[in-house]
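[1] Output the structure for:
(one chain, ligands or ions: 1)
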Amino acid sequence: MADPGRPDILLIEDETAITEPLAEALEREGFTARVAGTAADGLRMASEATPDLVLLDIGLPDGSGLDVCRELRREGELPVIMLTARGSEADRVAGLEMGADDYVVKPFSAREVTARVRAVLRRSRPEPGERERIHIGEVELDANRHSVALAGEALELSRKEFELLKALMERAGDVITRQDLIEDVWDMNWFGSTKTLDVHISGLRKKLGDDPSDPRFIHTVRGVGFRFSAPDEL
Ligand code: CA
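    You can find the predicted model right below:
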């Protein structure tokens, strides 16, 4: 029986020089850590052991962590943090596009990873008392069910895309600065998050069928941030 106060972390990574100290640090910090050394084992353990969060390496002996991430996303809402190589910007963007919640860059300290794990877990739990449903124009967001519909059609959003849309819709009509969005949806002072914000805005627009040069919903306010409004709400 899983201990609810002890989140279960699945670490999918083949390098024992990384997994051993990291698993040890996670256990010390109050998590339960399990390790899978291959993509196949990782996917199996993710569905059988129902972890609370996955730490996922990109370079696995039997495939790419990006494919594992895509597969996990297809199956549900499990939070994923990618472990990526230094300098590999393309991998980080691909990971986020695949629906990863966050990433850490190697070499990382165990302290950095556990802090990131805590932040992502905190974000992935709905806060009590938050507004449940927001309906603006053709877009309907349900915070409790974690669902979004466009003209009645359900949209498949990644967790971060969902949070970003929620942050925009909660203050619809207002311009929200890039910094506010980053602080709302990610952690404060996260280096590199501006690029990450752009990736998610772009993903969100694609799913909303929004043309960045003539948007219906997400409007860019140059040099400041973004504003959500729907055509029939103006
Ligand atoms: Ca590896």
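
[2] ok, A151 touching G137?
    No: proximity of A151 to G137 does not meet the contact threshold set by CB atoms under 8 Å, at 9.2 Å. For glycine as for every other residue, the C-beta is placed from the backbone atoms N, C-alpha and C.

[3] Now list whatever residues contact both of the two.
    Here A151 and G137 share no contacting residue, scored by CB atoms under 8 Å, 6 or more residues apart in numbering.

[4] T196 versus the spatially most central residue of the chain, what's the distance?
    Centroid-nearest residue in the chain, with CA atoms, centre = their mean: D101, separated by 2.1 Å. D101 sits 11 Å away from T196, going by CB to CB, to the nearest Å.

[5] Give me the mean pLDDT for the one helix or strand T220 maps to.
    When elements are assigned from DSSP states H and E, T220 belongs to strand 218-221. What strand 218-221 shows for mean pLDDT is 94.

[6] now do stretch 58-71
    Regarding stretch 58-71, the rounded mean pLDDT is 94.

[7] C-alpha coordinates for that stretch, PDB please?
    This file holds the C-alpha atoms of stretch 58-71, laid out as PDB (Å, rounded to 0.1, in the frame of the first residue of the first chain):
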ATOM      1  CA  ILE A  58      16.400  10.900 -22.900                       C
ATOM      2  CA  GLY A  59      19.200   8.500 -23.800                       C
ATOM      3  CA  LEU A  60      18.000   5.000 -22.900                       C
ATOM      4  CA  PRO A  61      19.500   1.700 -24.100                       C
ATOM      5  CA  ASP A  62      16.400   0.600 -26.000                       C
ATOM      6  CA  GLY A  63      15.000   3.900 -27.200                       C
ATOM      7  CA  SER A  64      14.500   7.600 -26.600                       C
ATOM      8  CA  GLY A  65      13.000   9.000 -23.500                       C
ATOM      9  CA  LEU A  66      11.000  11.300 -25.800                       C
ATOM     10  CA  ASP A  67       9.100   8.400 -27.100                       C
ATOM     11  CA  VAL A  68       8.500   7.200 -23.500                       C
ATOM     12  CA  CYS A  69       7.200  10.700 -22.600                       C
ATOM     13  CA  ARG A  70       4.800  10.600 -25.600                       C
ATOM     14  CA  GLU A  71       3.600   7.200 -24.500                       C
END
